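A.B. asks: Fold the following, please.
(one chain, ligands or ions: 1)
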Amino acid sequence: MIRLGVNIDHVATVRQARGELYPDPVQAAVFCELGGADNITCHLREDRRHIQDRDVPSLKDSIKIPLNFEIAGTEAMIRIAQQIMPHAVTLVPEKREERTTEGGLDVAGQMRDLKPKIARLKDCGILVSLFIEPEDHAIEVSAELGADAVEFHTGSWCHQMAACRRTREQVALTAKLNHASALAHRMGLQAHFGHGLNYTNAMWLQHVEHAEEANIGHAIVARALFTGLKEAVQTMKELLNDPRHRP
Ligand code: PXP
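C.D. replies: Numbering: from 1, shown residues only. Sure, this is the predicted structure:
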């Protein structure tokens with residue numbers, strides 16, 4: 001089964017647009033849980049554009065499923081993670097001017113900085129995942145760094161899938177994710193996927209043999225405007241796992 005992690009950042013984006021107290025991402029997380037989400041992801045960005053500091057402990061206390069805390073690997077964020085003690089931390093690159101997380105971590109270029117930080121998080125019993133491009137070298141370096149999991153940035157895969165005119169092109173593109181996932185598995189890393197996954201492409205992950213988790217935010221929150229969160233989550237989970245949706 002592919003676990004579904006729901007990223008509730010965009011609920012906070014709507015709240016922050018007006019500086020109100022609603023909609024509450026914590027309440028959203030509870031509805032996601034009712035819809036069958038396997039974990040909740042939130043990204044505390046340096047600029048606090050959506051999730052706020054107070055949301056994170058509140059989320060951790062309100063959900064029964066694991067919390068995946070997404071952060072840049074700065075000293076300040078590592079300390080917050082050590083206080084919150086989420087189930088998992090996903091380390092991501094972060095640029096203030098970006099609209100969303102663009103591209104994976106440069107794990108090879110940041111080995112010296114990342115290694116002790118990963119060790120500190122793991123020493124607290126937190127599972128560490130690195131958000132990387134689905135490339136062999138990045139996978140090998142992630143294993144060397146002692147990560148427990150890698151989350152493959154699916155942004156460019158999603159764009160390429162949308163541009164495909166033939167099924168066989170989509171099969172070939174998905175084979176690349178399958179290759180990355182198999183290599184991660186051989187190196188003892190869990191294979192997670194995230195970014196840009198939606199109701200037209202997520203079912204292709206059924207062809208990725210060692211896919212363990214998909215983290216999806218924007219598409220689920222957008223669909224929830226029409227169906228409600230619970231149903232949006234349920235439908236996505238079916239796309240990921242029900243053989244009837246296997247392309
Ligand atoms: N995983 C990671 C590491 C991310 O940074 C994001 C985007 O915040 C997501 C998953 C979810 O991406 P999307 O909102 O496009 O589903």
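
A.B. asks: what's the pLDDT at the residue nearest the centre of the chain?
C.D. replies: Nearest residue to the geometric centre of the chain (Cα atoms, centre = their mean): N215, 3.6 Å. Note for N215: predicted pLDDT of 98.

A.B. asks: For stretch 128-142, what is the distance to the chain centroid?
C.D. replies: 14 Å (Cα atoms, centre = their mean, to the nearest Å).

A.B. asks: now stretch 166-185
C.D. replies: Offset of stretch 166-185 from its chain centre (Cα atoms, centre = their mean): 19 Å.

A.B. asks: Also stretch 6-14?
C.D. replies: For stretch 6-14, the distance to the chain centre is 13 Å (Cα atoms, centre = their mean).

A.B. asks: is it up against the ligand anywhere?
C.D. replies: Yes. Stretch 6-14 reaches the ligand (Cβ under 6 Å from any ligand atom) through 7, 9. In short, each C-beta sits where N, CA and C put it, glycine included.

A.B. asks: And for stretch 31-45?
C.D. replies: Yes. Against the ligand, stretch 31-45 shows contacts by Cβ under 6 Å from any ligand atom at H43.

A.B. asks: Same question for stretch 130-141.
C.D. replies: Yes. Applying Cβ under 6 Å from any ligand atom, one finds stretch 130-141 in contact with the ligand at F131.

A.B. asks: What are the buried residues along that stretch?
C.D. replies: Going by neighbour count (16 or more other Cβ atoms under 10 Å), the buried part of stretch 130-141 is 130-135, 138-141.

A.B. asks: Show me the helices in this structure, by range?
C.D. replies: Under the criterion DSSP state H, helices of the chain are mapped to 9-18, 25-34, 55-62, 75-84, 111-123, 136-144, 155-163, 167-186, 218-227, 229-241.

A.B. asks: just the angle between the fourth one and helix 55-62, please?
C.D. replies: This means helix 75-84. 20 degrees (axes from the mean of the first three to the mean of the last three Cα atoms, to 10 degrees).

A.B. asks: cool, the second one as well?
C.D. replies: Direction vectors for helix 25-34 and helix 55-62, defined by the same axes, to 10 degrees, enclose an angle of 40 degrees.

A.B. asks: circling back to that earlier point, for the residue nearest to the centre of the chain, which residues are in contact?
C.D. replies: If a contact means Cβ atoms under 8 Å, 6 or more residues apart in numbering, then N215 has 5-7, 41, 68, 90, 151, 192-194 as its contacts.

A.B. asks: What parts of the protein come near the ligand?
C.D. replies: Within reach of the ligand by Cβ under 6 Å from any ligand atom, the chain has these residues: 7, 9, 43, 70, 90, 92, 100-101, 131, 151, 194-197, 215-219.

A.B. asks: Okay then, goodbye and thanks.
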